[in-house]
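Engineer: give the three-dimensional model of this entry:
(2 chains)
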Amino acid sequence: MNIFAVSGIALLSCAAAVILRRFGEAGAYLIPAAAAICLTSAAVVSAAPAADFIKSLDPGGEFTSYYSVMMKGLGIAVLGECASGICRDCGETSVAGGVETCTRISILLVSLPLLKELISIAGEMAVD
Amino acid sequence: MDISIILKITGTGLLVSVAYMILSRSGREEMGMLVSLAGVVMILLMIVDSASGLFDTIKNTFGL
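Structural biologist: Residues are numbered from 1 along each chain as shown, chains lettered A, B, ... in the order given. Model (predicted):
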């Protein structure tokens, strides 16, 4: 990911939003949203090799379920952060709070099987 | 990184603003309002298309 391009896009979108707000155009609030979507997409595409690398650390596939939970949680967090940031930019703090709550609960639900497994291992250790 | 959507939204916003000013100063405010509404709907459609791409990317990368 080219950090200069990212900074340029961010500055360009902020400048465009400021100019359009002076004209009273309602679309001005959607420029930061579009920029956030572009930058998040670029970040996710750039993160794909890192995800492949983490997957390659477990060639036997012994920890596939743990890896899957981690990646799903990361994906939900990235999407939730992007959506809540856009809502906050539009001035809708309560909607942003709702999105963040949904994000946390989704991550908790995704990681429930892992938690169950951890509790069962702890139970087995306690019995032994 | 595709920044064409930001430029498209900025261009649409500027055009709509100019059209609204011209129409409102020539006494056709209702037409100006319709032009402004059409511009917002156009921009929203662009955003929806881009958001759909983001969702697909996240689904494919993180296995959701």
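Engineer: which one is B:Ala38 nearest to, not counting chain neighbours?
Structural biologist: Leaving aside its chain neighbours, B:Ala38 sits nearest to B:Val16 (7.7 Å; criterion: C-beta to C-beta, 6 or more residues apart in numbering or on different chains). C-beta coordinates here come from the backbone N, C-alpha and C atoms, glycine included.
Engineer: isn't the one you found up against B:Val35?
Structural biologist: Yes. If you go by C-beta atoms under 8 Å, B:Val16 and B:Val35 touch, sitting 6.0 Å apart.
Engineer: overlap in contacts of the two?
Structural biologist: By C-beta atoms under 8 Å, 6 or more residues apart in numbering or on different chains, B:Val16 and B:Val35 have no common neighbours.
Engineer: so the two - more neighbours on which side?
Structural biologist: The neighbour count for B:Val16 versus B:Val35, taken as other C-beta atoms under 10 Å in any protein chain shown, is higher for B:Val16 (24 against 20).
Engineer: can you pull the buried residues of the host helix or strand of the more buried one?
Structural biologist: Taking DSSP states H and E as the definition, one finds B:Val16 inside helix B:4-25. Within helix B:4-25, the residues that qualify as buried by neighbour count (16 or more other C-beta atoms under 10 Å in any protein chain shown) are B:5-6, B:9-10, B:12-14, B:16-17, B:19-20, B:23-24.
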